[in-house]
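Undergrad: Generate a structure from the sequence data that follows.
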Amino acid sequence: MSQSPSPPPLSSLYHEKQRLELCAVHALNNLLQRRHFTKEELDNLCGRLAPGSLLNPHRSLFGTGNYDVNILMAALLTQGLAAIWWDKRKSLSSLVLSQIHGFILNIPSNVTLGFVSLPIQRKHWVAVRQVNGSYYNLDSKLKAPAHIGNEDELRKFLQEQIAQEPCELLLVVERSVEEDGSWLLAL
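TA: This next block holds a predicted model:
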């Protein structure tokens, strides 16, 4: 009986940790596996998507982040990538994982003040992707990336996440893959 290969050491993975309400910045950078986006760049995208607005609808009123899906999608486009909103009524077995660059989840997350968890939930962006043959949860609220495993384990993980309400899943693909639809098995 052959054993599956060992996952790469966690130290070889790029993983930004949570600060302020910048989970969108961290999710994008963790997905790309490098520091690319900054708060200033996403704020600039907010301004371009809502020019002249006094209160920008794409981020926190206080300017601490909390970016919406439009900003994530616009940021991905600057990298030749596209985000596809996953229809949770479909089976994850219809995904062609080899055509998918990664995943971004929007999950409910408890608000904390220091060490105290408040009975309030907000949305939180989380990146998941494959690195060296294994899938990882690159949630910026984790101390380190969490190993998910192979394709079957990834599908199980994603199913568990999207079963929670209100959770949304975005597939991140190359623009050409979005255009030709090769991320989805033809049925």
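Undergrad: Distance of the residue most central in space within the chain relative to residue 52?
TA: The residue lying closest to the centre of the chain (CA atoms, centre = their mean) is residue 104, at 2.3 Å. Look at residue 104 and residue 52: by CB to CB, to the nearest Å, they are 29 Å apart. In this view, the C-beta of every residue, glycine as well, is placed from N, C-alpha and C.
Undergrad: got it, and residue 67?
TA: Going from residue 67 to residue 52 by CB to CB gives 19 Å.
Undergrad: More neighbours: which of the two?
TA: residue 67 (26 against 5; other CB atoms under 10 Å).
Undergrad: Enumerate every residue touching residue 153.
TA: Applying CB atoms under 8 Å, 6 or more residues apart in numbering to residue 153 gives the contacts residue 135.
Undergrad: my read is it is in a helix, agree?
TA: Yes - counting by DSSP: H, G, I helix; E, B strand; the rest coil, residue 153 is found in a helix.
Undergrad: In the chain, where is pLDDT below threshold?
TA: 1-11, 46, 49, 51, 57-65, 110-121, 187 (pLDDT under 70).
Undergrad: Helices of that one, start to end?
TA: Remark: helices assigned in the chain by DSSP state H are 23-32, 39-49, 69-77, 151-162, 175-180.
Undergrad: For residue 85, grab the count of nearby residues.
TA: Around residue 85 there are 11 residues (other CB under 10 Å).
Undergrad: Distance of it relative to residue 170?
TA: As judged by CB to CB, residue 85 and residue 170 stand 6 Å apart.
Undergrad: Over to residue 140?
TA: Note on residue 140: its distance to residue 170, by CB to CB, is 16 Å.
Undergrad: Same check on residue 36?
TA: Distance check for residue 36 against residue 170: by CB to CB, it reads 17 Å.
Undergrad: Looking at these two, which is more packed in?
TA: Using other CB under 10 Å, the more surrounded residue of residue 36 and residue 170 is residue 170, with 23 against 14.
Undergrad: So that one sits against residue 88, correct?
TA: No - counting by CB atoms under 8 Å, residue 170 does not reach residue 88; the two are 11.9 Å apart.
Undergrad: any chance you could map the strands in the chain?
TA: For the chain, applying DSSP state E gives strands covering 81-85, 102-113, 116-131, 134-137, 146-149, 168-174.
Undergrad: Would you mind giving these as CSV with distance to residue 162 added?
TA: Putting the strands of the chain into CSV (distance: least, CB to CB, whole Å) gives the following:
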stretch, distance to residue 162
strand 81-85, 12
strand 102-113, 8
strand 116-131, 12
strand 134-137, 14
strand 146-149, 14
strand 168-174, 5
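Undergrad: so which of the ones you listed gets nearest residue 16?
TA: strand 116-131 (9.5 Å; CB to CB).
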